[in-house]
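S.K.: need a 3D model of the following:
(2 chains)
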Amino acid sequence: MTTSQLVITLLGIVAIAWVNYYFFVAGRPAAVATAGGGPGPQRIRIEVKGGYSPAVVRVRVGHPVRLEFFRNETNSCTEEVVLPDFGIRSYLPAHRTTAVEFTPTRPGSYEFACGMGMVRGRIVAES
Amino acid sequence: MTTTTPVAPERCTIPVSGMSCAACSGKVQRSLETSPGVSGANVNLMTGSATVSYDPAATSPERLVEVIRSTGYGAELPSSDRSEEDLLGTRDAERAAETRELKGKFAVSAVAAAIVMLIGMWPSAHAMSDGSRWLQLAATLPVVLWAGRHFYSRAWAAFRHHSADMNTLIAVGTGTAFAYSLVVTLAAGWFAVRGVAPHVYYEAVVTIIALILLGNLLEAGARSRTSEAVRKLVGLRPATARVVRGGEEREVPLADVRVGDELLVRPGETIPADGTVLDGTSNVDESMLTGEPVPVAKSAGASVVGATLNRNGALRIRVDRIGRDTVLSRIIRLVQQAQGSKAPIQRLADRISAVFVPLVLSIAIATFVIWYDLGPDPAYLHALVAAVTVLIIACPCAMGLAVPTAVMVSTGRGAELGVLIKGGEALERSEAVDTVVFDKTGTLTQGRPGVASITLAGGTELDESRLVALAAAVERLSEHPLAEAIVAEADRRGLALPPAQAFKSQTGKGVLAIVDGRRVAAGNLSLMHDLRVNPEPLAGAAGAAAADGHTPVYVAVDGRLAGLIAIADPVKPGSREAVEALERMGIEPVMLTGDDRRTADSVARTVGIRRVLAQVLPDRKLEEVWAIQRGGHVVAMVGDGLNDAPALAQADVGIAMGSGTDVAMEAGAVTLMRGDPRGVVTALGLARRTMRVIRQNLFWAFIYNVIGIPVAAGVLYPAFGLRLTPAMAAAAMAVSSVSVVANSLRLRKFDRGART
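M.R.: Alright, predicted model coming up:
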């Protein structure tokens, strides 16, 4: 094995390790938002741009939740948001805020994702 | 000659963020004022907002937001709680804009690809020249900087979220090829001195981008067709209604119609809202909601449903429901919810797509290393091409689209056929159904029983009319369908019904009350036994009635048998056909009924059902369903969704069957909008077809990647010398995601008569 082959092999291993670290380890925990108290629904604003920020939101069980998705891009991948546990599939017009409302009745972790399931977020309902 | 209609300017206020000084607001204001379609703009630094007067034909608030953003400040339209239907309109507009843009980008890349290829075909001496490389670069730049730009910006946005998608693969793949080619172009001499041919890969870059844009274009068209059904439903609603207020007829927008309004609907017009016919007679075409092709006759007192078509007579109707409460809105909501649901089968695809892109990136790096270490010379060039090919051929889209597109098309197609399926899970469970339990009354039979014959007991002093009057007086207080038949018979005979006191209803047996001072009981054999009334004298008549499939109702007066009323509930015309079709599908039909065995057997024979559960009390229906399930069967229960809701819930698939448009839509996993038992066959058949399409999609998406990626990496090279070019990979990827959507769209052609 020549020196250059050795170098390339080592660089490749490092690169693979970095890719897996960056996408699987370093990404978590994602930004977390907790809904404030007060009257009315628990409002949380989520920016949609290549992903959801915050990607994890904490809410209280039994109180209505209002997620305000601000889709700040035209990428059609994120044009829909789906909350399968609440039977919601909503279209998000580009550069606008679209609200989605539901009430979690049981504590637990509920997923939300884009129409194709590539971009994901999580709602953690706590009592 | 063209005429321009002056359009009144519209005004909107857009919150602007990030402005810190008057220079900022001035900059935003100038950019707005010089933007096309804007007649005036006022940017307020204090409130952080811009008020713009604009021509709605030339621009839109969305465009204005873009203009503000281009100046470097944040802007966003105020949040609004717009209805799903408005959103559909916005989506269509966005899709159209996206398609236009994609077309332009594709055209530019296709031309660029042709130019680069032509230059590459020059005799080799020229092809390797500096001039050739610079010309190719010139043709490639607009593709990378404009047509394919969004791949890079979206990949970057995802990267910042520690996530990766299809754009990442395209961006890294084409970016690598482009960067290498650029270096060669700029420093060809450096390569030449080291004995390396200064080869460039601009052709691969432009071809990949052109092909992927073409794929996106085809996919965008196909995907918009997956939601066509909902769009059609939304489009059924008329824009205006003709309201009579204060004796005056006026055309008003639909939004201004209120409950209690009187509407006029002329022949050929769409009925604007749900209501009751006040006068007029007509035939109404309800096919768009129920799938029922035969128009339904309507006259005073009949209920009509918004969005259905009034065919031949004028109707005056009173509005009962508007907006969200109408049948149409509920259907739209159910279909949308179904399309938002997730099929359990999707979980696997989800798990894979979550790790897919980083995995492919890793494979691409490994491919590079292996080619570099073990491949033929020039090793690094082969390594580069193979790695780029791996990145380009990998297609997470096909996997992401496999399940949702099929669920969307199938639930939409179901709605067109009058079958509402509540989502992916309902589809999946429906596929596995091997037993269908029909709650006889109202599903296999009309559910509108009538009196077939009356037999008086020997020795009674009553005549037929008196018997009917007494029985009807009691039954009037009951809600049982048999009771309605007796009351209807009394009406038909023009009998006056005396008042009844001390009414008692015994579930599954019958009713009792005091009428004109006499103790009247009407019910089945077991009620007679309870009351110690001897039914023997009429056993013959009861047997004959049951053999004909009629239900015998015994009437006892003052503790003595007075007569027998036989009630017939005619079998629906489609019942036999439905039963036969289910058997062909390998599904066992079962009839469940509260009737006695002989009546039940007779009806079962008529429709061709072999397994009958007779004399089942209403509260035992659930247990019967459970008993079948315990035998290892997957059960669908068909009922009206009202008095059998618990059994519907217990079944693996609850099928609520309506008659006309009056249906308990939320009761079951599946709702049939019309009372045709063949709808059960349609629903289960559609579910089977859909699941087959989903499996095909998933299989194709998996196998495509499982075979495509290793071949792109070059596993066939050592044995067969076979390799793919990046352009071939791009074509394969475009085809794979389009083919998944196209396969799902085949479900649009599902027909109720289709074999499964």
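S.K.: in stretch B:642-662, what counts as buried?
M.R.: B:643-648, B:650-661 (16 or more other Cβ atoms under 10 Å in any protein chain shown). From N, CA and C alone the C-beta is placed, and that goes for glycine too.
S.K.: likewise for stretch B:370-387?
M.R.: Residues B:370-373, B:375, B:379-387 are the ones in stretch B:370-387 that count as buried (16+ other Cβ under 10 Å).
S.K.: run the chain-centre distance for that stretch.
M.R.: 49 Å (Cα atoms, centre = their mean, to the nearest Å).
S.K.: low-scoring stretches of chain A, by residue?
M.R.: A:27-32, A:35-39 (pLDDT under 70).
S.K.: helix/strand/coil for the residue minimising distance to the centre of it?
M.R.: Residue closest to the average C-alpha location in chain A (Cα atoms, centre = their mean): A:Gly121, at 2.6 Å. Classification of A:Gly121 using DSSP: H, G, I helix; E, B strand; the rest coil returns strand.
S.K.: circling back to that earlier point, quick check: the farthest pair among the buried residues of stretch B:370-387?
M.R.: Maximum pairwise distance among those (Cβ to Cβ): 15.6 Å, between B:Asp373 and B:Val385.
S.K.: which residues in chain A form strands?
M.R.: With DSSP state E as the criterion, chain A has strands at A:32-34, A:42-48, A:52-53, A:56-60, A:65-71, A:80-83, A:88-91, A:96-102, A:108-114, A:120-126.
S.K.: is any residue of the fourth one near chain B?
M.R.: No: with Cβ under 8 Å from any Cβ of the partner chain as the measure, strand A:56-60 is seen stopping short of chain B, the closest distance being 12.2 Å.
S.K.: and after the helix or strand harbouring B:Ala712, which helix or strand comes next?
M.R.: Secondary structure from DSSP states H and E places B:Ala712 in helix B:678-713. Downstream of helix B:678-713, the next assigned helix or strand under DSSP H and E is helix B:717-720.
S.K.: tell me which other helices or strands that following helix touches.
M.R.: Applying 3 or more Cβ pairs under 8 Å, 6 or more residues apart in numbering or on different chains; DSSP states H and E, we find helix B:717-720 packed against no helix or strand.
S.K.: tell me what angle the helix or strand that it is followed by forms with helix B:678-713.
M.R.: Where DSSP H and E defines the elements, the next helix or strand beyond helix B:717-720 is helix B:726-745. Angle of helix B:726-745 versus helix B:678-713, following axes from the mean of the first three to the mean of the last three Cα atoms, to 10 degrees, is 170 degrees.
S.K.: for helix B:726-745, list every residue counted as buried.
M.R.: B:726-741, B:743-745.
S.K.: does chain A sit close to it?
M.R.: No: applying Cβ under 8 Å from any Cβ, one finds helix B:726-745 separated from chain A by no less than 10.0 Å.
S.K.: mind telling me what element the residue of the stretch 551-700 of chain B found nearest chain A is part of?
M.R.: Nearest residue of the stretch 551-700 of chain B to chain A: B:Glu666, at 11.5 Å (Cβ to the nearest Cβ). Using DSSP H and E, B:Glu666 is not contained in any helix or strand.
S.K.: and what of B:Ala566?
M.R.: Per DSSP H and E: strand B:560-568 holds B:Ala566.
S.K.: which other helices and strands does that strand contact?
M.R.: Using 3+ Cβ pairs under 8 Å, 6+ apart: strand B:560-568 touches strand B:450-456, helix B:464-475, helix B:481-492, helix B:539-547, strand B:551-557.
S.K.: between it and helix B:539-547, how big is the angle?
M.R.: Using the same axes, to 10 degrees: strand B:560-568 against helix B:539-547 is 20 degrees.
S.K.: please list the residues outside stretch B:95-107 that contact it.
M.R.: Outside stretch B:95-107, the residues within contact range by Cβ atoms under 8 Å, 6 or more residues apart in numbering or on different chains are A:74, A:76, B:146-148, B:210, B:213-214, B:216-217, B:220-221, B:224.
S.K.: with neighbour count added, can I get these in CSV?
M.R.: Shown next, in CSV, are the contacts of stretch B:95-107 (neighbours: other Cβ atoms under 10 Å in any protein chain shown):
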residue, neighbour count
A:Thr74, 18
A:Ser76, 21
B:Trp146, 13
B:Ala147, 23
B:Gly148, 27
B:Ala210, 26
B:Leu213, 27
B:Leu214, 21
B:Asn216, 24
B:Leu217, 19
B:Ala220, 17
B:Gly221, 14
B:Ser224, 16
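S.K.: contacting residues for the residue nearest to B:Asn534 when sequence neighbours are not counted?
M.R.: Closest residue to B:Asn534 apart from its sequence neighbours, by Cβ to Cβ, 6 or more residues apart in numbering or on different chains: B:Leu561 at 6.4 Å. Going by Cβ under 8 Å, 6+ apart, B:Leu561 touches B:457, B:460, B:528, B:533-535, B:537-538, B:554-555.
S.K.: quick one, grab the pLDDT at B:Leu561.
M.R.: For B:Leu561, the model assigns a pLDDT of 90.
S.K.: can the helix holding B:Ala712 be found next to chain A?
M.R.: No: applying Cβ under 8 Å from any Cβ, one finds helix B:678-713 out of contact with chain A, separated by at least 11.6 Å.
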